[in-house]
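*Asks:* Sequence and computational prediction follow.
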Amino acid sequence: MRKEKENFMELLKGQKALVTGSSSGIGKGVAIALAKAGADVMINYAGSKDKADAVAEEVSKFGGKVLVAKADVSNEEEVQAMFQLLIKEWGTVDILVNNAGLQQDSPFVDMTLEKWNKVIGINLTGQFLCAREAIREFLRRGVVKEVSCAAGKIICMSSVHEMIPWAGHANYAASKGGIMMLMKSMAQEHAPKKIRINSICPGAIRTPINKEAWETPEALNELMNVVPYKRIGEIEDIGNAAVWLASDLSDYINGTSLFVDGGMTLFPGFTTNG
């Protein structure tokens, strides 16, 4: 077991990672997991600097370097400035985890254009802007075999709702469906340059954004009706998947949506013939 742990801590040694929206929730968990695996990690935030600094302090305990950068990922200038800082400080970037995202829910007929644009801007346009900067750097640098088999890796944080419709959340579901095709199109275009691009699609994960769905025994029991594996996902489940996708262990995986959902996309409502 000790040898396995040591190997895990070496999987991403020497690699430079940026995790957007990593001051809390899934992004925080992914940043910590990458750091445990040996990566240097840039923490990105748009709101609370105190939260981002707290995550940075936790990440630094694993011995790697850490940077903190404020940037609204839907803002082109701020995204470019963030990448410029990262490359200035560390010379390059090897891993981008496009995690920043939000929900602004509404019945469709009451949804404002502002809510629609906000969610599409952060969740989808933000992934485009960050991926574009990362790919430009991957292409400039190329493969460094001592670091990784690939020239660079991008992990897009999507959702089970890239394939499951979600009434009352049309903007969010549309953004995640868009991420699926953005990811696949980027992967198809850049695979010949040894750039790997994949998505993680979380199901029900225990985070503050969905606290109402799990904070009481009654709510959790109701949630389990759509999770065949009968447990809620933890942030560590997503972090472990991100480490694997970012490592050379998954070098032949490209253009794939990895569902980490306890079987939610098995459509459990049809267990008894619907």
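*Replies:* Great, that's in hand. Bear in mind that the values here come from a model prediction, so they are computed numbers and not experimental data. Numbers count the residues shown, from 1 in each chain.
*Asks:* strand partners of the longest strand that the chain contains, parallel vs antiparallel please.
*Replies:* Counting residues, the longest strand found in the chain (DSSP state E) is strand 195-202. Here strand 195-202 is paired, per DSSP bridges, with strand 152-157 (parallel), strand 257-260 (parallel).
*Asks:* For burial, what's the neighbour tally of A174?
*Replies:* For A174, the count of nearby residues is 18 (other CB atoms under 10 Å). For the C-beta atoms, the positions are set from N, CA and C on the backbone; glycine is no exception.
*Asks:* no wait, K194
*Replies:* Neighbour tally, K194, other CB under 10 Å: 17.
*Asks:* doesn't V143 make contact with it?
*Replies:* Yes - with contact taken as CB atoms under 8 Å, K194 and V143 are classed as touching, separated by 5.3 Å.
*Asks:* before we move on, back to that, most neighbours per residue, which of the strands paired with strand 195-202?
*Replies:* Across the strands paired with strand 195-202, averaging neighbours per residue (mean count of other CB atoms under 10 Å) puts strand 152-157 on top, at a mean of 27.
*Asks:* what stretches of this structure score poorly on pLDDT?
*Replies:* 1-9, 274 (pLDDT under 70).
*Asks:* If you count residues, where's the longest helix of it?
*Replies:* Taking DSSP state H as the assignment, the helix of the chain that covers the most residues is helix 170-190.
*Asks:* Which positions in it come out as buried?
*Replies:* 170-180, 182-184, 186-187, 190 (16 or more other CB atoms under 10 Å).
*Asks:* report the angle between the axes of the longest strand of the chain and helix 170-190?
*Replies:* In terms of direction (axes from the mean of the first three to the mean of the last three CA atoms, to 10 degrees), strand 195-202 departs from helix 170-190 by 160 degrees.
*Asks:* After strand 195-202, which helix or strand is next? Please name it.
*Replies:* helix 217-223 (DSSP states H and E).
*Asks:* how distant is that following helix from the center of its chain?
*Replies:* 26 Å (CA atoms, centre = their mean, to the nearest Å).
*Asks:* Can I get the helix or strand just after it in PDB, CA atoms only?
*Replies:* Using DSSP H and E, the helix or strand that follows helix 217-223 in sequence is helix 235-246. Provided in PDB are the C-alpha atoms of helix 235-246 (Å, rounded to 0.1, in the frame of the first residue of the first chain):
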ATOM      1  CA  ILE A 235     -15.300  15.700  -3.900                       C
ATOM      2  CA  GLU A 236     -12.400  13.200  -3.700                       C
ATOM      3  CA  ASP A 237     -14.200  11.000  -6.300                       C
ATOM      4  CA  ILE A 238     -13.800  13.900  -8.800                       C
ATOM      5  CA  GLY A 239     -10.300  14.700  -7.700                       C
ATOM      6  CA  ASN A 240      -9.100  11.100  -8.200                       C
ATOM      7  CA  ALA A 241     -10.700  11.100 -11.700                       C
ATOM      8  CA  ALA A 242      -8.900  14.300 -12.500                       C
ATOM      9  CA  VAL A 243      -5.500  13.000 -11.500                       C
ATOM     10  CA  TRP A 244      -6.000   9.900 -13.600                       C
ATOM     11  CA  LEU A 245      -7.100  11.900 -16.700                       C
ATOM     12  CA  ALA A 246      -4.200  14.300 -16.200                       C
END
